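Chemist: Coordinates only, no sequence provided:
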C-alpha cells in the first residue's frame, strides 16, 4: 500500500512538472509570428533594416557589432547581396574591417566599396548620401525560417552619439538587401 501511494505521488509530481513546463511553450498566434519575423517580398527580395534588427553593440571593440534577423524565405534560390550605408564621402566608406554576413553554412565577407550612390534617398538626409555596396551572391536551397547575421563595426546604436574620433560620424550601415538572381 505504501508503494502504491508512493507511485501515485511520483506520477502526480511528474504530471504537475510536465504541465508547468509546457505552459510557457504555447504556440504563437499568426500575428505574433508575422510581428517577430521578416517576410520575403512578393518579388523575392529580402530587405533587412539594421534599425529593425536585434543588435549587439560593443563600442570598445566595434568590429564585433552584430545585427540579427529572423527571416521567412518563401522563394529559395540564388541571391545577390547588397549593403546600404549612410556616408558623407562616396569615394571612401571608411570601413576598417570586412563586413560578414552568415546564413546557416553560407558566409559572405567583403570590404564595402561604393558601387552605387543615391543622392536623394529618403533613407538619409544631407550631408549624407546612401551608398550601396555589392557583397557577393549566395544560394538558399530551401524555404523556411532562417537566422541572418551581419557583423560590422558600422552597426552602431541609433542613440549613439557619433564622433569623428571613432569614424562613426562618417558612415553607418543602414540595411542589407538580398535580391533574387534571374536568368
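Modeler: Looks like it came in fine. All values derive from a computational prediction rather than experimental measurement. Residues are numbered from 1 along each chain as shown.

Chemist: drop to CA atoms for contacts and neighbour counts, all remaining ones
Modeler: Will do.

Chemist: Helices of the chain, start to end?
Modeler: Applying DSSP state H to the chain gives helices spanning 2-23, 30-35.

Chemist: among these, which gets the worst mean confidence?
Modeler: Here the lowest mean pLDDT among those goes to helix 30-35, at a mean of 45.

Chemist: Sort out which residues of stretch 62-80 are buried, please.
Modeler: Within stretch 62-80, the residues scored as buried using 16 or more other C-alpha atoms under 10 Å are 62-73, 75, 77-80.

Chemist: Need the mean per-residue confidence for that stretch.
Modeler: 93.

Chemist: next one: stretch 156-176
Modeler: Here the average pLDDT along stretch 156-176 is 65.

Chemist: Check the gap between the residue nearest to residue 72 when sequence neighbours are not counted and residue 61 for me.
Modeler: Once flanking residues are discounted, residue 72 sits nearest to residue 145: 4.5 Å by C-alpha to C-alpha, 6 or more residues apart in numbering. Distance, residue 145 to residue 61, using C-alpha to C-alpha, to the nearest Å: 30 Å.

Chemist: Mind checking which of these two has more residues around it?
Modeler: A direct count of neighbours by other C-alpha atoms under 10 Å for residue 145 and residue 61 places residue 145 higher, at 14 against 9.

Chemist: Enumerate every residue touching that one.
Modeler: Contact analysis of residue 145 by C-alpha atoms under 8 Å, 6 or more residues apart in numbering lists 70-73.

Chemist: Pipe these into TSV and attach distance to residue 130 per row.
Modeler: Below are those laid out as TSV (distance: C-alpha to C-alpha, whole Å):
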residue	distance to residue 130
70	25
71	24
72	27
73	26
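
Chemist: thinking again about what came up before, the buried residues of stretch 62-80 in strands, which ones?
Modeler: Among those, the members found in strands (DSSP state E) are 66-73, 77-80.

Chemist: ok, those vs residue 116, which is closest?
Modeler: residue 80 (14.3 Å; C-alpha to C-alpha).

Chemist: That closest one and residue 140 touch, don't they?
Modeler: No - counting by C-alpha atoms under 8 Å, no contact exists between residue 80 and residue 140, whose distance comes to 11.0 Å.

Chemist: what touches both of these two?
Modeler: Joint contacts of residue 80 and residue 140 (C-alpha under 8 Å, 6+ apart) do not exist.

Chemist: What is the burial count for residue 148?
Modeler: By the criterion of other C-alpha under 10 Å, residue 148 has 17 neighbours.

Chemist: what sits against it?
Modeler: Residue 148 touches 68-71, 101-104, counting by C-alpha under 8 Å, 6+ apart.

Chemist: Tell me the confidence at it?
Modeler: If you check residue 148, the pLDDT there is 94.

Chemist: Check the gap between it and residue 118 for me.
Modeler: Residue 148 is 25 Å from residue 118, where distance means C-alpha to C-alpha.

Chemist: cool, residue 149 as well?
Modeler: Using C-alpha to C-alpha, residue 149 is found at 25 Å from residue 118.
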